[in-house]
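**Student:** Prediction below, plus the sequence it came from.
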Amino acid sequence: MATWSAPGKVFLFGEHAVVYGKPGVAMAIRPRVSVTVRKSRNPSHARSPYIEECFRSTGVQGSVYIRSQLPSSSGLGSSAAVTAATLAAISDEFGLGFSRDEIARRAHEIERKVQKGRASPTDTYVTTFGGIVLITGDSKRRLPPQNLNLVIGNTLVSHSTAKMVEHVARGRERTPEIVDPILEAIGAVTMRAVKSLNKPQPLGRCMDINHALLDALGVGHPELSKLVLTARAAGAFGAKITGAGGGGCMVALCPKNAKSRVAGAIDATGARSIITTLDTEGIRREKNG
Ligand code: MEV
């Protein structure tokens with residue numbers, strides 16, 4: 001029996017613009033998914049297409065047990081975390097010797113297959129390696145770790161990443177003279193933010209600008225706007241949509257002593273808050289128990 005866990009992720013900057021080769025910054029966060037795999041002749045799995053594909057692609061058979069602190073379908077990378085942790089546990093239980101690079105590569109392939117073509121290479125990379133990652137085109141660079149106090153607000157409004165990505169693509173076809181400069185500006189905000197990662201006030205301002213640009217792209221939602229304004233009013237340095245938008249989650253950067261106030265204000269609107277910070281480990285072996 002082998003148990004491995006993997007963290008969730010948030011986009012701090014640059015979602016949507018990364019799809020067009022602009023820089024983006026994503027970060028692994030504390031809530032984890034944990035997966036236990038046991039060799040078995042009568043395998044029983046959770047009914048997840050991701051898990052089925054992990055077994056099919058490795059050609060082994062086993063039982064799986066999942067525990068998750070990460071809400072699914074909310075843009076926090078839960079499918080990537082489940083896939084990476086399952087592959088790591090399979091590799092361990094069956095002695096396949098996958099490296100982290102191999103796990104990140106296989107996890108991305110599995111996500112592409114299950115999601116029929118479109119999958120974020122960011123999610124699988126960040127959950128496998130942990131840390132703060134600068135993504136530019138196909139290149140990924142880990143940035144120095146920072147102690148960022150984040151509060152995530154989950155609107156509980158369901159959304160589709162594929163539809164949001166499509167929405168931006170259509171806007172770009174219709175009015176490239178408007179949409180391209182917005183994507184360019186998101187890239188510029190991301191590069192400015194990379195220089196301010198250890199300065200919460202300017203970093204928060206970058207988040208506010210990035211949020212306004214995402215709204216301008218048309219991926220906002222009234223519930224996201226409400227939570228962003230609520231977090232700022234409760235003392236956040238800055239707040240923005242995180243991930244594809246159209247529902248899902250927002251993220252706020254907070255002074256340490258304002259985390260609980262911001263989380264409480266988000267919960268009071270009927271949304272669900274998560275207080276979190278950086279995960280530097282990525283996939284990790286857990287004690288079986
Ligand atoms: C979704 O979490 C982030 C997007 O930029 C899509 C992607 O990076 O694949 C919208």
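**Tutor:** Sure, I can see it.
**Student:** now the farthest one out in the chain, which residue is it?
**Tutor:** R41 (34.7 Å; C-alpha atoms, centre = their mean).
**Student:** Mind checking what secondary structure that residue has?
**Tutor:** coil (DSSP: H, G, I helix; E, B strand; the rest coil).
**Student:** ok, for it, nearest residue in space, not its chain neighbours?
**Tutor:** Excluding its sequence neighbours, the residue lying closest to R41 (C-beta to C-beta, 6 or more residues apart in numbering) is Q61, at 7.2 Å. Placement of C-beta: from N, CA and C, glycine included.
**Student:** what about that neighbour, distance to the ligand?
**Tutor:** Using C-beta to the nearest ligand atom, to the nearest Å, Q61 is found at 32 Å from the ligand.
**Student:** before we move on, what about G248?
**Tutor:** 8 Å.
**Student:** That residue and T155 touch, don't they?
**Tutor:** Yes: if you go by C-beta atoms under 8 Å, G248 and T155 touch, sitting 6.6 Å apart.
**Student:** In contact with the residue nearest to R41, which residues?
**Tutor:** K39, S40, R41, P43, F55 (C-beta atoms under 8 Å, 6 or more residues apart in numbering).
**Student:** which residue sits closest to the second one, ignoring its sequence neighbours?
**Tutor:** Put plainly, it is S40. S63 (4.4 Å).
**Student:** mind checking the SS state of that neighbour?
**Tutor:** At S63 the chain is in strand, as set by three-state DSSP.
**Student:** bridging residues for it?
**Tutor:** Note on S63: beta-bridge partners by DSSP bridges are R38.
**Student:** Tell me, how many residues neighbour it?
**Tutor:** As a burial measure, S63 scores 16 neighbours (other C-beta atoms under 10 Å).
**Student:** roughly how far apart are it and K226?
**Tutor:** 43 Å (C-beta to C-beta, to the nearest Å).
**Student:** need the contact list for the residue in the stretch 1-150 of the chain that the ligand sits nearest to.
**Tutor:** Evaluated by C-beta to the nearest ligand atom, the stretch 1-150 of the chain has S120 as its residue closest to the ligand, separated by 3.2 Å. Contacts of S120 were listed using C-beta under 8 Å, 6+ apart, and they are A80, E111, T161.
**Student:** from what I can see the last one touches G245, true?
**Tutor:** Okay, so that is T161. No: T161 is beyond contact range of G245, at 9.1 Å (criterion: C-beta under 8 Å).
**Student:** So, low pLDDT: which residues of the stretch 1-150 of the chain?
**Tutor:** Filtered on pLDDT under 70, the stretch 1-150 of the chain yields the residue ranges 45-46.
**Student:** So which residues on it come close to the ligand?
**Tutor:** For the stretch 1-150 of the chain, the residues in contact with the ligand (C-beta under 6 Å from any ligand atom) are F11, E15, H16, V18, V19, G75, S120, T122.
**Student:** Tell me which of those fall in helices.
**Tutor:** Residues of those located in helices (DSSP state H): T122.
**Student:** Identify the residue spatially nearest to A258, adjacent ones excluded.
**Tutor:** Using C-beta to C-beta, 6+ apart, the nearest residue to A258 is G235, at 3.8 Å.
**Student:** where does that neighbour land in three-state SS?
**Tutor:** Assigned with three-state DSSP, G235 falls in the coil class.
**Student:** on that earlier part again, identify the residues contacting the residue nearest to S40.
**Tutor:** V37, R38, S40, N42, P43, S44, H45.
**Student:** What of F98?
**Tutor:** Contacts of F98 (C-beta under 8 Å, 6+ apart): L87, A88, S91, R106.
**Student:** swap in E281?
**Tutor:** P7, A28, G130.
**Student:** 6 Å - rerun?
**Tutor:** G130 (C-beta atoms under 6 Å, 6 or more residues apart in numbering).
**Student:** With that, I have no additional questions.
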